[in-house]
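Asker: let's see this in three dimensions:
(chains A and B)
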Amino acid sequence: AQRVTQPEKLLSVFKGAPVELKCNYSYSGSPELFWYVQYSRQRLQLLLRHISRESIKGFTADLNKGETSFHLKKPFAQEEDSAMYYCALSDSNYGGSQGNLIFGKGTKLSVKP
Amino acid sequence: KAGVTQTPRYLIKTRGQQVTLSCSPISGHRSVSWYQQTPGQGLQFLFEYFSETQRNKGNFPGRFSGRQFSNSRSEMNVSTLELGDSALYLCASSDQWGYGYTFGSGTRLTVV
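Answerer: Got it, this is the predicted structure:
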């Protein structure tokens, strides 16, 4: 069954410390992986898409097909990074479009001063 | 450009009633997806529409239905409401290439 697991409900770090938000997935095909972020009182927004291989707000994520993981990393956390982070997977068999995202339960990142 | 707009923002309904939620996607976006968000189950996919056709459906009972109009606006309907349908319902839109989905602020439905 398709599944996304985020093992940590809450991750608390100090400002300037490295951050790694874990995401593991279970999928039989060729998945597309995403990270979405929700800041307090704001809507869910796309942070990263694995296929883009880009860095947004200092965050990066590498798809490891061997370990079926897509962990989100940032070398130096900032207080404004405090938010809810969701890892998501989609079916890439729609000729490029992915409308059926499967989300993890999310990890709340708290960056302390 | 305007984002994804969902109306209404809040709804209170009684068990047994039905409800219709509306979503206006970003201009030019033809794909609209719906999600239910609850504290217990998290974000769960309901269905996706593309060019007025339902392209995929999640694991929800038939009481949950949707449609998409020629202008890409979408509605979802829940009939015979149950207390467990209380949730935040999110709509997301994308262009045909699915270059990441843009979410709306959601409609908070409370069933009493």
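Asker: flag every residue of chain A that's near chain B.
Answerer: Residues of chain A lying close to chain B by Cβ under 8 Å from any Cβ of the partner chain are A:34, A:36, A:43-46, A:49, A:86, A:88, A:90-91, A:94, A:96-106. Using the backbone N, CA and C atoms, a C-beta is placed for each residue, glycine as well.
Asker: pretty sure residue A:4 is one of the things residue A:102 touches, is it not?
Answerer: Yes - A contact is recorded between residue A:102 and residue A:4 when judged using Cβ atoms under 8 Å, the distance being 5.4 Å.
Asker: which neighbours do these two have in common?
Answerer: A:88-89 (Cβ atoms under 8 Å, 6 or more residues apart in numbering or on different chains).
Asker: any low-confidence regions in chain B?
Answerer: Low-confidence regions of chain B, defined by pLDDT under 70, span residues B:1, B:96-99.
Asker: so where do the strands sit in chain B?
Answerer: Listed in chain order, the strands of chain B (DSSP state E) span residues B:5-7, B:10-13, B:19-24, B:31-38, B:42-50, B:53-57, B:64-68, B:74-78, B:87-94, B:102-103, B:107-111.
Asker: typed the wrong thing, it's chain A
Answerer: Counting by DSSP E, chain A has these strands, from start to end: A:3-5, A:10-14, A:19-21, A:24-26, A:31-38, A:45-49, A:60-61, A:72-74, A:83-91, A:102-103, A:107-112.
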